[in-house]
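A.B. asks: can't give you the sequence, but here's the structure:
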């Protein structure tokens, strides 16, 4: 499992004085990018090879809010991968208290020239790296 | 059912040249605020009465992307309400072609003084309005 | 002069319970896009012709805050244009009270194939439209 | 002088494939918060003492764009402080190449109970810290 750490930014709060719920999707993306870099698949390189990877589904359960001044930790792992679609699990915690704030899940496909592609055919090296990372 | 219309803003796009997936949560919130105003429950008034309504769950299925230059329509309705929690269904379409872009769902509770409250007890007028709006 | 109207969105507020100052730049961009469409130069068409128009300078004086529940009006006009660079003046007001919230200014150039270009040479029709719009 | 480091996030890019210009204001705020913490004046503590510090003016000159995959460095220092208003200078650079991307400036006041206050009277300890930090 990979952990991504991040301070809460002032500009991420809303008038309830907690982090606006849309920002958790941004943290999930940041954690995904850091995780992919960690397994040798930096996303700027993925894109430079003409491969995109859009989000096809998001689920987030908000349990406790994060606030300005907090540091959060995003625990991330690939839960499923079949060569076409990969699915990711996230637990977002307060880095200090280790309280769980949010539990989330996302699913992604790969695109080449605007069409869904098999990463196994398109980029076997990435296929190996992702498959090795499945929990 | 209530429909909320909205042009896509340039600042909502990302380097894939489509709307960043986190922005759909913002459109859902905007549609919710417009819907609540439509049923006589403007959210600034809800908050002025000391009642909050945080998001407890979000699910989004991304089917087709929206792009700069598009206008979107968010069809919104309350799918469930039990006096404590309410759930909302959304279909986000291209306003012109009527193609479905995204199908989404959210769940919300009510807070008074930081604790979950029964809106039936706390604000019976809002309870009536929400109950009348359940599809 | 052109006026762009816009409700304040909940997600634009921060923990001071006012609109986060970065969002005024987004409203300025939205007003610019609406203004360009109004003078027959929709920005999606500009970009489709291979012409970009990045921001080169921004100045904003924040006088009074906008809050959730407010509607704002952005009065916008081109203050200078020399065929290469255009400059834009903005006054952001509370649409109801007409109080001035923010006074702002931006400057922009045009790009073709990544290099600054003369819009007079590159797109004489746009040159005419912008020149006719200078206050 | 204080330096704040930050990777560019994917969600900060726009369809020009560069960072959207509004995000530089967010980086400036993040750098300000990190700087204030560095001089012993963490902003969550400032706010907990009932003191706010809104932005009253922003100027940004955009010279070169930042892109996804870049790391940026924000060099920040207080240029002026008179006990009422403080002004901040920023240079945003590519952390690797040290190319200057953006040169910016902001001005801020202090608020207590919604009114502009003298920080010298309101919080002499903060006054000393800020005064000592003026370049």
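C.D. replies: Arrived safely, thanks for sending. Note that the structure is a prediction, hence the values are computed from the model and not measured.

A.B. asks: grab the longest helix from chain A for me.
C.D. replies: helix A:23-38 (DSSP state H).

A.B. asks: roughly how far is that one from the heart of the chain?
C.D. replies: In terms of Cα atoms, centre = their mean, to the nearest Å, the centre of helix A:23-38 is found 4 Å from the chain centre.

A.B. asks: list the helices and strands that helix packs on?
C.D. replies: Here helix A:23-38 touches strand A:2-7, helix A:43-48, strand A:55-62, strand A:71-81, strand A:85-94, strand A:100-109, going by 3 or more Cβ pairs under 8 Å, 6 or more residues apart in numbering or on different chains; DSSP states H and E. (C-beta placed from N, C-alpha, C; glycine too.)

A.B. asks: and the residue nearest to the spatial centre of chain A, what does it touch?
C.D. replies: In chain A, the centroid-proximal residue (Cα atoms, centre = their mean) is residue A:32; its distance is 3.2 Å. Applying Cβ atoms under 8 Å, 6 or more residues apart in numbering or on different chains, we find residue A:32 in contact with A:43, A:76, A:88, A:106.

A.B. asks: so which of these wins on neighbours?
C.D. replies: Among the contacts of residue A:32, residue A:76 has the most neighbours (other Cβ atoms under 10 Å in any protein chain shown), with 25 neighbours.

A.B. asks: how close does residue A:78 sit to residue A:27?
C.D. replies: Applying Cβ to Cβ, to the nearest Å, the value for residue A:78 to residue A:27 is 17 Å.

A.B. asks: so who does the residue lying farthest from the centre of chain A touch?
C.D. replies: Residue farthest from the centre of chain A, counting by Cα atoms, centre = their mean, is residue A:15 at 26.2 Å. Residues in contact with residue A:15 (Cβ under 8 Å, 6+ apart) are B:47, C:10, C:13, C:14, C:15, C:17, C:18, C:68.

A.B. asks: ok, residue A:89 touching residue A:76?
C.D. replies: Yes: if you go by Cβ atoms under 8 Å, residue A:89 and residue A:76 touch, sitting 7.2 Å apart.

A.B. asks: what is the neighbour count of the residue lying closest to residue A:71 once chain neighbours are set aside?
C.D. replies: Excluding the flanking residues, the one nearest residue A:71 by Cβ to Cβ, 6 or more residues apart in numbering or on different chains is residue A:95, at 4.1 Å. A count of neighbours around residue A:95, defined by other Cβ under 10 Å, yields 17.

A.B. asks: can you confirm the residue farthest from the centre of chain A is in a helix?
C.D. replies: No: going by DSSP: H, G, I helix; E, B strand; the rest coil, the assignment for residue A:15 is coil, not a helix.

A.B. asks: and it, how far from chain D?
C.D. replies: Distance, residue A:15 to chain D, by Cβ to the nearest Cβ, to the nearest Å: 14 Å.

A.B. asks: roughly how far apart are that residue and residue B:38?
C.D. replies: Counting by Cβ to Cβ, the gap from residue A:15 to residue B:38 is 21 Å.

A.B. asks: count of residues packed around the closest residue to residue A:30 other than its chain neighbours?
C.D. replies: In this structure, residue A:30 finds its nearest non-sequential neighbour in residue D:9, 5.6 Å apart by Cβ to Cβ, 6+ apart. Neighbourhood size, residue D:9 [other Cβ under 10 Å]: 16.

A.B. asks: residue numbers of chain A in contact with chain D?
C.D. replies: Chain A has residues A:9-11, A:26, A:29-30, A:33, A:42-44, A:47, A:68-69 near chain D, with proximity defined as Cβ under 8 Å from any Cβ of the partner chain.

A.B. asks: so what sits opposite the spatially closest residue to residue A:135 that is not a sequence neighbour in the bridge?
C.D. replies: By the measure of Cβ to Cβ, 6+ apart, the closest residue to residue A:135 outside its immediate chain neighbours is residue A:77, 4.5 Å from it. Residue A:77 has the following beta-bridge partners by DSSP bridges: residue A:89.

A.B. asks: residue A:77 against residue A:89, yeah?
C.D. replies: Yes: judged on Cβ under 8 Å, residue A:77 makes contact with residue A:89 at a distance of 5.6 Å.

A.B. asks: who touches both of the two?
C.D. replies: Common neighbours of residue A:77 and residue A:89 (Cβ under 8 Å, 6+ apart) are residue A:135.

A.B. asks: ok, residue A:78 touching residue A:134?
C.D. replies: Yes: between residue A:78 and residue A:134 there is a contact at 4.9 Å, judged by Cβ under 8 Å.

A.B. asks: please identify which of these two sits among more neighbours.
C.D. replies: More crowded of residue A:78 and residue A:134, by other Cβ under 10 Å: residue A:78, with 22 against 13.

A.B. asks: check the more buried one and give its pLDDT.
C.D. replies: Per-residue pLDDT puts residue A:78 at 97.

A.B. asks: residues in contact with it?
C.D. replies: Residue A:78 neighbours (Cβ under 8 Å, 6+ apart): A:86, A:87, A:88, A:89, A:130, A:133, A:134, A:135.

A.B. asks: ChimeraX command for the buried members of the residues you listed?
C.D. replies: Per 16 or more other Cβ atoms under 10 Å in any protein chain shown, the buried members of the contacts of residue A:78 correspond to this ChimeraX selection:
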select /A:86,87,88,89,130,133
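
A.B. asks: and residue A:19, what is it in contact with?
C.D. replies: A:8, A:12, A:13, A:65, A:66, A:67.

A.B. asks: burial count for the first one?
C.D. replies: Yep, that's residue A:8 we're talking about. 20.

A.B. asks: OK, contacts around it?
C.D. replies: Residue A:8 neighbours (Cβ under 8 Å, 6+ apart): A:19, A:66, A:67, A:68, A:69, A:70, A:71, A:72.

A.B. asks: which of those are buried?
C.D. replies: Buried among the contacts of residue A:8 by 16+ other Cβ under 10 Å: A:19, A:66, A:67, A:68, A:69, A:70, A:72.

A.B. asks: pull the contacting residues for the fourth one.
C.D. replies: In other words, residue A:68. A:8, A:9, A:10, A:12, A:13, A:17, C:15, D:43, D:44, D:47.

A.B. asks: let me know the closest of the residues you listed to residue C:121.
C.D. replies: residue A:9 (43.0 Å; Cβ to Cβ).

A.B. asks: circling back to that earlier point, turn the contacts of residue A:68 into a markdown table, including pLDDT and distance to residue C:115.
C.D. replies: Listed next are the contacts of residue A:68 as a markdown table, based on pLDDT from 0 to 100; distance: Cβ to Cβ, whole Å:
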| residue | pLDDT | distance to residue C:115 |
| --- | --- | --- |
| A:8 | 98 | 40 |
| A:9 | 98 | 35 |
| A:10 | 98 | 37 |
| A:12 | 98 | 36 |
| A:13 | 98 | 40 |
| A:17 | 96 | 46 |
| C:15 | 97 | 43 |
| D:43 | 97 | 41 |
| D:44 | 96 | 45 |
| D:47 | 96 | 46 |
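
A.B. asks: which one of those is nearest to residue B:125?
C.D. replies: residue A:17 (26.5 Å).

A.B. asks: so how far is stretch A:14-31 from its chain's centroid?
C.D. replies: Distance, centroid of stretch A:14-31 to centroid of chain: 13 Å (Cα atoms, centre = their mean).

A.B. asks: start to end distance for that stretch?
C.D. replies: 22 Å (Cα to Cα, to the nearest Å).

A.B. asks: would you mark the buried spots in it?
C.D. replies: A:14-16, A:18-31.

A.B. asks: and the closest residue to residue A:18 other than its chain neighbours, what is it in contact with?
C.D. replies: What sits nearest to residue A:18 in space, not counting adjacent residues and going by Cβ to Cβ, 6+ apart, is residue A:65, at 3.6 Å. Applying Cβ under 8 Å, 6+ apart to residue A:65 gives the contacts A:16, A:18, A:19, A:101, B:54.

A.B. asks: what's across from the residue lying closest to residue A:16 once chain neighbours are set aside in the sheet?
C.D. replies: Spatially, and ignoring its direct neighbours in sequence, residue A:16 is nearest to residue B:52 (6.1 Å; Cβ to Cβ, 6+ apart). With DSSP bridges as the criterion, residue B:52 is bridged to residue B:111.
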